[in-house]
Structures are given as structure tokens and as C-alpha cells.
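1. Take this sequence and fold it.
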Amino acid sequence: MVTELWAHALTWAEVDPSRHPFELDEDAARALAESVAPLLPDAHAVEDNHWRSLDPVTEFLVEQYGRWACGWNWSVGEGDTDGGVVGVWCCAAHSVTTADATAPLVVAALREWRDWLEELAERFATLAPPSRSAPSSSSADPWHWERACTRLVTVVADRTQAESGWYGHCIQVLEWFLTDNGIDQERAREIVEGAVGGRFGSWIAPDATVVETVSSRFARTVGGKG
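-> Numbering: from 1, shown residues only. Here you go, the predicted model:
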């Protein structure tokens, strides 16, 4: 899949709900399903091309709503894109049936993904430290960063069910949180990579000790003391 359609590559600027308004009432949802239906593959196309057979759908959604929409089928576990949060969609091999049945499922998956992004935005606002305007200041209380990391890791592990590749999205969410608080994208990546450092694995939720270690390292590094 080209990078433009790869949910793992999404930045917070591309998914932040405040920057990308989205409303979909029931009439609009039905209209969207009608537009999606002709783009859906048949069973044979799915067998031949797997998740790539859904590229026309993803391209259409991105064109309509923005890059954030490419996460619509980022399902839990080993789906089309490994380690996501969408529960209503499984994968092309199992979720694609008839066009009439599958199109509303695509819309529901898009809504679920959007709901997750909006939930994250609310959590980011709640967890942001008081010194948000100067996030790397040594005067910032590390407790705020440690608390944020702990809560975000916990909620992502829960929503992804800590299944295959879940930690990829967890790392991404932590980076999103940092960039939302004014930290440069590259620096955010360095901070998170240093904090996580291979401590998470597929099919297992991190225990309290691991989360504490990661969160402590995260907080120290944000403050320039790691």
C-alpha cells in the first residue's frame, strides 16, 4: 500500500478532529454507503489481492474527508492493517460479502475510527500538562507526562485488545500526544522510541511494572533528563 493510504504513517496534524471537521447524519451515511458500494471488490478480487482490493474505497474516503480516513479498516488484530482499534470491521477476507451488506459496514467502520480519534483528542486535552506552552521546560512536573503515558498506554492496549502489532499504534498515539503538546515530530519519535525500547510485544498487554518503566522513562526524556 502506498504511504498515502497507510494508517501507521498518519501524523496528529492529519487526524486531529479539530483540524478536520466531520459530520455524518443518517441520510449522509446512507448516501456514503451508496457511493462506496460500486467501489467494493467481489469475493474473487479479495482472494487475489487481499486488502489491496479495498484501495479504491480508501482512496475515495481520503478524497472525501482527508488522510485521517485511511484508518477506517485499521481493525483489531491481524486484519487489513495490523494492530488497530476498529472492531466492526475484521478484514477484507471476512468482512467483504455483498455490496449491499458491506457498504454500510464500511461506513460504520469509518465512524468507529473517527470516534476513536475524537476520544483521543479529549484525552489529550485532559492529560496535557499545565506547562503545555513549554513542554520541554525543566520546570514542568514530570508527573504530568508520566501520568499521560500510563493512561494512554493502558487505553490503547485495551482498545486494541493487545493483539498482533498493537504496540505500533500505541507508539503512534504517544507521538501524537507529544506533537499535540508542541514537540517536534522527530523529537517526539526519539522520545517514544527511547521510552518503549522494545518493551511491548504482540498478544500480551504490558504489566504494571513495564508500564511504569516506560512511563517513567517517557517523563524523564520529555524533560530532557533521560
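
2. Can you report how many residues neighbour Thr11?
-> Number of residues near Thr11 (other CB atoms under 10 Å) recorded here: 15. Where C-beta positions appear, they are placed from N, C-alpha and C, glycine not excepted.

3. Same check on the one 10 residues further on?
-> Residues near Pro21, counting by other CB under 10 Å, number 8.

4. before we move on, what about the one 4 residues further on?
-> Here the number of neighbours of Asp25 (other CB under 10 Å) works out to 8.

5. Then Leu152?
-> By other CB under 10 Å, the residues close to Leu152 number 21.

6. pretty sure it contacts Val173?
-> Yes - Leu152 is within contact range of Val173, at 5.6 Å (criterion: CB atoms under 8 Å).

7. According to the record, where do the domains of the chain fall?
-> 3-118, 128-222 (automatic domain parsing).

8. can I get those domains in a markdown table with mean pLDDT?
-> What follows is the domains of the chain, written out as a markdown table (pLDDT from 0 to 100):
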| stretch | mean pLDDT |
| --- | --- |
| domain 3-118 | 93 |
| domain 128-222 | 91 |
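
9. What helix or strand is the closest residue to Ala121 other than its chain neighbours located in?
-> Nearest residue to Ala121, sequence neighbours excluded (CB to CB, 6 or more residues apart in numbering): Pro17, at 5.1 Å. Using DSSP states H and E, Pro17 falls within no helix or strand.

10. and the gap between Pro17 and Ala31?
-> Pro17 is 21 Å from Ala31, where distance means CB to CB, to the nearest Å.

11. And Leu117, by the same measure?
-> In terms of CB to CB, Leu117 sits 22 Å off from Ala31.

12. Could you check which of these two is surrounded by more residues?
-> Taking other CB under 10 Å, Leu117 and Ala31 do not tie; Leu117 has more neighbours (20 against 13).

13. what residues are up against the more buried one?
-> The neighbourhood of Leu117, defined by CB atoms under 8 Å, 6 or more residues apart in numbering, consists of 15-17, 68, 71.

14. Make JSON lines out of these and add distance to Trp203.
-> Formatted as JSON lines, these follow (distance: CB to CB, whole Å):
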{"residue": "Val15", "distance to Trp203": "26"}
{"residue": "Asp16", "distance to Trp203": "30"}
{"residue": "Pro17", "distance to Trp203": "31"}
{"residue": "Trp68", "distance to Trp203": "28"}
{"residue": "Gly71", "distance to Trp203": "22"}
